[in-house]
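Asks: Mind looking at a prediction? Sequence and model below.
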Amino acid sequence: MTGRPYVAVVGSGTATGELYERAREVGGLVAKRGGVVVCGGLSGVMEAAARGAAEAGGTAIGILPDEDRGRANGYLSYSVATGAGQARNLAVVCSGDVVIAVGGEYGTLSEMGLALKVGRSVVALEGWDLGDHVSVAASPAEAVEAAFGLLGV
C-alpha cells in the first residue's frame, strides 16, 4: 500500500436507524485516521459511510452501478459511473486496501466473497460472520481499528 489507505465500506442500500449511524461512525473514523472511504455510492450504508467521511473532513469515493452519476448520494467527494450494475461490486472491493462490511444482505455477502477472492482482508460489523476468513468487530471503533491494524497502519 502506498499513500493514504483506501477502506471499502460495504453494506445494505436500505440501512436506516442504528445501522445507518454505525456506518456513519465508521466513515468518520476512517477519515479521522487519514483514510479514504470507498463505497457503492448509493443509499443506506454507502451513504452513511460517505456522510461520516464528509462530516469529518475526509474523502469518499462512490463506485456507481449506473451509466451516469445522477443517483449518487450527496456526500461523495468523487463518483465513478461504471454502467456495470452489480458487477461494480468487484470494483468497489478492489479499490479498497481493506473492506469493512456493515450489516448487509446478499450483495454485501458477494462483496465480502469477492474481497477475499482478490486477497483483501475483511472486517464484519453486525453482519455476515464467515468464520476464520473474516475479523468480526463489536463496534465501529473496533472495526476501524481492526481494518487499519490489518493494513499495518
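Replies: That came through, no problem. Residues are numbered from 1 along each chain as shown.
Asks: Now do the helices for this structure: every range, in order, please.
Replies: 17-32, 45-55, 88-95, 106-117, 140-151 (DSSP state H).
Asks: Now V30. Nearest residue, chain neighbours left out?
Replies: On the basis of Cβ to Cβ, 6 or more residues apart in numbering, the spatially nearest residue to V30 that is not a chain neighbour turns out to be V7, at 4.7 Å. C-beta coordinates here come from the backbone N, C-alpha and C atoms, glycine included.
Asks: and stretch 124-135, which residues are buried?
Replies: Burial within stretch 124-135, assessed by neighbour count using 16 or more other Cβ atoms under 10 Å, is assigned to 124-128, 134-135.
Asks: among the residues you listed, which two are most distant?
Replies: With distance counted by Cβ to Cβ, no two of the buried residues of stretch 124-135 lie farther apart than E126 and S135, which are 13.3 Å apart.
Asks: What residue, apart from its backbone neighbours, is nearest P5 spatially?
Replies: Counting by Cβ to Cβ, 6+ apart, P5 lies nearest to G35, which is 4.6 Å off, once chain neighbours are set aside.
Asks: so who does the one you found touch?
Replies: Counting by Cβ atoms under 8 Å, 6 or more residues apart in numbering, G35 touches 4-7, 58, 148.
Asks: picking up where we left off before, ok, how many other residues are close to the residue nearest to V30?
Replies: When counting by other Cβ atoms under 10 Å, one arrives at 30 neighbours for V7.
Asks: Return the residues in contact with it.
Replies: Under the criterion of Cβ under 8 Å, 6+ apart, the contact list for V7 reads 30, 35-38, 96-100, 144, 147.
Asks: Between the residues you listed, which sits nearest E47?
Replies: Set against E47, the nearest of the contacts of V7 by Cβ to Cβ is V37 (11.1 Å).
Asks: isn't the closest one right next to G62, touching?
Replies: No - counting by Cβ atoms under 8 Å, V37 sits too far from G62 to count as a contact (9.1 Å).
Asks: which residues do those two both contact?
Replies: Common neighbours of V37 and G62 (Cβ under 8 Å, 6+ apart) are A50.
Asks: Can you name the residues that contact the nearest residue to E25 once chain neighbours are set aside?
Replies: Of all residues not flanking E25 in the chain, P140 sits nearest, at 3.9 Å (Cβ to Cβ, 6+ apart). Counting by Cβ under 8 Å, 6+ apart, P140 makes contact with 22-23, 25-26, 29, 125.
Asks: Alright, I will stop here.
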